[in-house]
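J.: I would like the atomic coordinates for the input below:
(chains A and B)
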Amino acid sequence: GAGVSQSPSNKVTEKGKDVELRCDPISGHTALYWYRQSLGQGLEFLIYFQGNSAPDKSGLPSDRFSAERTGGSVSTLTIQRTQQEDSAVYLCASSPDPGLYEQYFGPGTRLTVT
Amino acid sequence: KQEVTQIPAALSVPEGENLVLNCSFTDSAIYNLQWFRQDPGKGLTSLLLIQSSQREQTSGRLNASLDKSSGRSTLYIAASQPGDSATYLCAVTRGGKLQFGAGTQVVVTP
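T.: Residues are numbered from 1 along each chain as shown, chains lettered A, B, ... in the order given. Take a look at the predicted model:
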């Protein structure tokens, strides 16, 4: 079946602009995760949604970052007033059940802030 | 606080040699450990998942072991091929979110 998809694949934006990144998880997966991969920091957790529970936002680096998940499926990660240090690859993953099963990753969105 | 370490950071081997990649973690209270492969400019491909109650998992030429008590996992790749060249990452999870090591960059030379 279809895997995790993300859009856009690449995004170049000017410092100070807002951006939205989209993730379509594997159908039926209840858990959805966002991670960020940057040269200096490696792969780091951002936020995690599980069903109808309140999301775990403990990895969001600042209040400029927010995410929502509509209808238990598609998720959007929004970065407001982008800064150059936000440049990274943003990866989305989904899983049938948190903690017990593999997480399946999408191809990522490469964000460049100029 | 959980820390995940992968040694070595880079590894180059001739084709046909076996690969041994190491992962260590400081907090043994994990649910599972997952090994991934990442090709340049691509996302992550899951290779193996080991539940905390398991000692090892095998898939084709890949075998991963887990020793929770010592906080270690090892990924073995038998009879390496140039197509195995990639970065290999391990990650542990407790409560859903993955915590990653920095990865081992592998080059298999023909």
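J.: Name the nearest residue to the spatially most central residue of chain A, sequence neighbours excluded.
T.: Nearest to the mean C-alpha position of chain A, counting by Cα atoms, centre = their mean, stands A:Trp34 at 3.2 Å. In space, A:Trp34 comes closest to A:Leu46 once its chain neighbours are excluded; the distance is 4.2 Å by Cβ to Cβ, 6 or more residues apart in numbering or on different chains. C-beta: built from backbone N, CA, C; applies to glycine.
J.: buried stuff in the helix or strand that neighbour falls within?
T.: Under the criterion of DSSP states H and E, A:Leu46 resides in strand A:42-50. The neighbour-count check on strand A:42-50 (16 or more other Cβ atoms under 10 Å in any protein chain shown) flags A:43-50 as buried.
J.: Show me what that strand is packed against.
T.: Counting contacts by 3 or more Cβ pairs under 8 Å, 6 or more residues apart in numbering or on different chains; DSSP states H and E, strand A:42-50 is packed against strand A:31-38, strand A:65-69, strand A:75-79, strand B:98-100.
J.: and the helix or strand following the third one, does that touch chain B?
T.: Per DSSP H and E, the first helix or strand lying C-terminal to strand A:75-79 is strand A:88-95. Yes: legend: contact between strand A:88-95 and chain B by Cβ under 8 Å from any Cβ of the partner chain is shown at A:91, A:93, A:95.
J.: can those go into a markdown table with extra columns for pLDDT?
T.: Formatted as a markdown table, the residues of strand A:88-95 next to chain B follow (pLDDT from 0 to 100):
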| residue | pLDDT |
| --- | --- |
| A:Leu91 | 97 |
| A:Ala93 | 95 |
| A:Ser95 | 92 |
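J.: which among the residues you listed gets closest to chain B?
T.: Nearest to chain B, judged by Cβ to the nearest Cβ, of these is A:Leu91 at 6.1 Å.
J.: from what I can see the closest one touches A:Arg110, true?
T.: No: at 10.2 Å, A:Leu91 and A:Arg110 do not qualify as touching, with contact defined as Cβ atoms under 8 Å.
J.: which of the two has more neighbours?
T.: For A:Leu91 and A:Arg110, the more surrounded residue by other Cβ atoms under 10 Å in any protein chain shown is A:Leu91, and the numbers stand at 24 against 16.
J.: Could you pull up the residues touching that one?
T.: Applying Cβ atoms under 8 Å, 6 or more residues apart in numbering or on different chains, we find A:Leu91 in contact with A:6, A:34-37, A:43, A:105-106, A:108, B:43-44.
J.: May I have the distance across stretch A:11-19, first residue to last?
T.: End-to-end span of stretch A:11-19 (Cα to Cα, to the nearest Å): 8 Å.
J.: List the buried residues for that stretch?
T.: A:11, A:13, A:19.
J.: ok, now stretch A:86-97?
T.: Neighbour count says stretch A:86-97 has A:86-95 buried, by 16+ other Cβ under 10 Å.
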